[in-house]
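Novice: mind looking at a prediction? Sequence and model below.
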Amino acid sequence: MSLTILCISSYEKGYDFMRECKEQGCRVLLLTSESLKDAHWPKESIDETFYIHDRNKAWDMKDVIYGVSYVARKEKLDRIVALDDFDVERAAALREHLRIPGMGDTTARYFRDKLAMRTQATSRGIPVPEFLHILNHEEISQFAKQVKFPFIVKARLLAGAHGLKKVNNEAELWNRINELGDEQSFFLMERFVPGNIYHVDSIVYENEVRFALASRYGKPPFEVAHSGRVFTSRTVLRDSEIEQKLLELNEKVIKAMGLLRGVSHTEFIEADEDGKLYFLETSARVGGANIADLVEAASGINHWREWAKIEIQRDVGDYEYPQVKNNYAGIIQSLAKQEWPDLTNYNDPEVIWKLNKRFHAGLIIRSDNPERVEALLDTYVQRFYDDFFATAPMKEKPGD
């Protein structure tokens, strides 16, 4: 059965998803931002592309519904897939409007709204740092007196490190809240927990985690984004105690949030103070910052292609992913002062991938020896600072 799949992406990503769909005989449509007309989309795998005006990446949802509904007059849309975090709600709203199978508004909220996912996790007994919706000022005052500073004030619906601000005392907290004005209810505050931050990247089918890989960031993403640091991540030692704890907690999160089918990128923190794991956030998408390439380097599993298979196979039969390879991998990335950084001298045999992006430097290393991966990352981090590193102020919102 040939399916028509509408891919929605306000950022340039998901090439392998569309390629896999096309290779499996699907008709592939792409809805993206007008500003991405000249992006290097895999045009050989896309039957038709539709563009929407984007002012600072903001799409008018009514325009999206009108436009896709018009397309649906001639195209029978079988699947609608959000390739980026910011498109999850758009895709859910379209599925609800057109009554197309897949994640609806309610479930999508658990994978986009940081307040909703924390509330749901707490209700299921999953450890979460103390948090509060920025809404009632009396409750905020009580929270500030009862919970130890510093706090992180974060946007409920932005992705990554956007909209995050650390406040160290009650005066800074109220200054931040007042800055937000009428936007206050779109934010939450949470106790800042120092520690190691991990991510688990999963493939889910019938609400069951079929594959998951645990990795640990070097510097926390918040610090990378706001303080200017080189970004790194590496796979966790297999069969270690921390890996088992992460995988078990990840399964609880996936079930609690109700992801039936698809992929997920979920983050946890291991607190310095007590060694306890806390849930930070989750998503119904492939991990950003080329983490999908890290996962593939370590396991041989391409998250984009496996996700496409799941979407195509929905309700048809069981899903089986390819055999997993048990390698270790690490990724390193940085803004670069050169337009096209020269990575020629990073020529160890473990280097299997190099980033090709203006004003960015990055590479992935792979080995069957985790200590070799760690040693190379340590060496490369300092070399990146010396050879390429540049920093830029973190924007309040994407597109600012």
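Specialist: It's in. Everything numeric here is computed off the predicted structure, so don't read it as measured data.
Novice: next, the distance between the ends of stretch 267-281.
Specialist: 5 Å (C-alpha to C-alpha, to the nearest Å).
Novice: buried stuff in it?
Specialist: 267-270, 277-281 (16 or more other C-beta atoms under 10 Å). (C-beta placed from N, C-alpha, C; glycine too.)
Novice: average pLDDT for it?
Specialist: Mean per-residue pLDDT for stretch 267-281: 97.
Novice: so where's the stretch 201-350 of the chain uncertain?
Specialist: In the predicted model of the stretch 201-350 of the chain, residues 226, 315 satisfy pLDDT under 70.
Novice: show me where it has its strands.
Specialist: For the stretch 201-350 of the chain, the strands defined by DSSP state E, counting those that start in this stretch cover 208-217, 231-235, 262-271, 277-281, 328-335.
Novice: so how far is F187 from M117?
Specialist: Going from M117 to F187 by C-beta to C-beta, to the nearest Å gives 15 Å.
Novice: distance from the chain centre to stretch 242-261, please.
Specialist: 16 Å (C-alpha atoms, centre = their mean, to the nearest Å).
Novice: re earlier: pull the most distant pair out of the buried residues of stretch 267-281.
Specialist: E270 and E281 (15.2 Å; C-beta to C-beta).
Novice: follow-up on the earlier one: which one of the buried residues of stretch 267-281 sits closest to I291?
Specialist: Using C-beta to C-beta, E267 comes nearest to I291 of the buried residues of stretch 267-281, at 10.8 Å.
Novice: quick check: beta-bridge partners of that closest one?
Specialist: For E267, the beta-bridge partners are H199, E281 (DSSP bridges).
Novice: turn the strands of the stretch 201-350 of the chain into JSON lines, including distance to I8.
Specialist: Converted to JSON lines, the strands of the stretch 201-350 of the chain look like this (distance: least, C-beta to C-beta, whole Å):
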{"stretch": "strand 208-217", "distance to I8": "24"}
{"stretch": "strand 231-235", "distance to I8": "26"}
{"stretch": "strand 262-271", "distance to I8": "14"}
{"stretch": "strand 277-281", "distance to I8": "21"}
{"stretch": "strand 328-335", "distance to I8": "25"}
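Novice: how about those, which one is nearest G195?
Specialist: Nearest of the strands of the stretch 201-350 of the chain (C-beta to C-beta): strand 262-271, 4.5 Å.
Novice: contacting residues for Q382?
Specialist: Listed by C-beta atoms under 8 Å, 6 or more residues apart in numbering, Q382 has no contact partners.
Novice: same question for the host helix or strand of it, mean pLDDT?
Specialist: According to DSSP states H and E, Q382 maps onto helix 370-387. For helix 370-387, mean pLDDT is 97.
Novice: give me the contacts around stretch 46-59.
Specialist: 10, 18, 22, 27-37, 41, 43, 60, 63-64, 67, 71, 86, 90, 397-400.
Novice: and the gap between V71 and A58?
Specialist: Computed as C-beta to C-beta, the V71 to A58 distance reads 21 Å.
Novice: and the residue nearest the centre of this structure?
Specialist: Centroid-nearest residue in the chain, with C-alpha atoms, centre = their mean: G287, separated by 4.0 Å.
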